[in-house]
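Peer 1: can't give you the sequence, but here's the structure:
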């Protein structure tokens, strides 16, 4: 009886592994959610607007966040970087 129990558990574990592999392949081939592209391009455009706004207003108002000063450039590039880091997963 013990041998029969081992066969059943091995078969079940093999079936589970195949099932997991099938689900992983289905996830890999699945299209992106609807929100993915707008969020990706939104980060890129928001970062670009942030940098341009800082350069345009650096003489007078120092927008978008005056206390940050030149660190606004890093914030803008960080937003652009997040958008570009999303591009490898775009399908």
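Peer 2: Received, thanks. As the structure is a prediction and not an experimental result, all values here were calculated from the model.
Peer 1: got a pLDDT number for residue 61?
Peer 2: Residue 61 carries a pLDDT score of 81 in this model.
Peer 1: Check whether it sits in a helix, strand or coil.
Peer 2: coil (DSSP: H, G, I helix; E, B strand; the rest coil).
Peer 1: mind listing what it touches?
Peer 2: With Cβ atoms under 8 Å, 6 or more residues apart in numbering as the criterion, no residue contacts residue 61. No exception for glycine: its C-beta is placed from N, CA and C like everyone else's.
Peer 1: And for the one 4 residues further on?
Peer 2: Contacts were defined as Cβ under 8 Å, 6+ apart; by that measure residue 65 touches 72, 75.
Peer 1: cutoff 7 Å now
Peer 2: residue 72 (Cβ atoms under 7 Å, 6 or more residues apart in numbering).
Peer 1: give me phi/psi at residue 64?
Peer 2: When read as degrees, to the nearest 10, the backbone of residue 64 gives phi -80, psi -30.
Peer 1: so it touches residue 53, yeah?
Peer 2: Yes: counting by Cβ atoms under 7 Å, residue 64 touches residue 53, with 5.4 Å between them.
Peer 1: Check which helix or strand residue 77 maps to.
Peer 2: In the assignment (DSSP states H and E), residue 77 maps to helix 71-86.
Peer 1: List the contacts of that helix.
Peer 2: 40-41, 43-44, 46-48, 50-51, 54, 64-65, 68.
Peer 1: cutoff 8 Å now
Peer 2: 36, 39-48, 50-51, 54, 62, 64-65, 68.
Peer 1: How about stretch 33-41?
Peer 2: By Cβ under 8 Å, 6+ apart, stretch 33-41 touches 83, 86, 87, 89, 90.
Peer 1: ok, now with 6 Å
Peer 2: 83, 86 (Cβ atoms under 6 Å, 6 or more residues apart in numbering).
Peer 1: Offset the numbering so it begins at 14, please.
Peer 2: Yes, from this point I'll number from 14; that puts the last item at stretch 46-54.
Peer 1: Now that stretch: buried residues?
Peer 2: residue 53 (16 or more other Cβ atoms under 10 Å).
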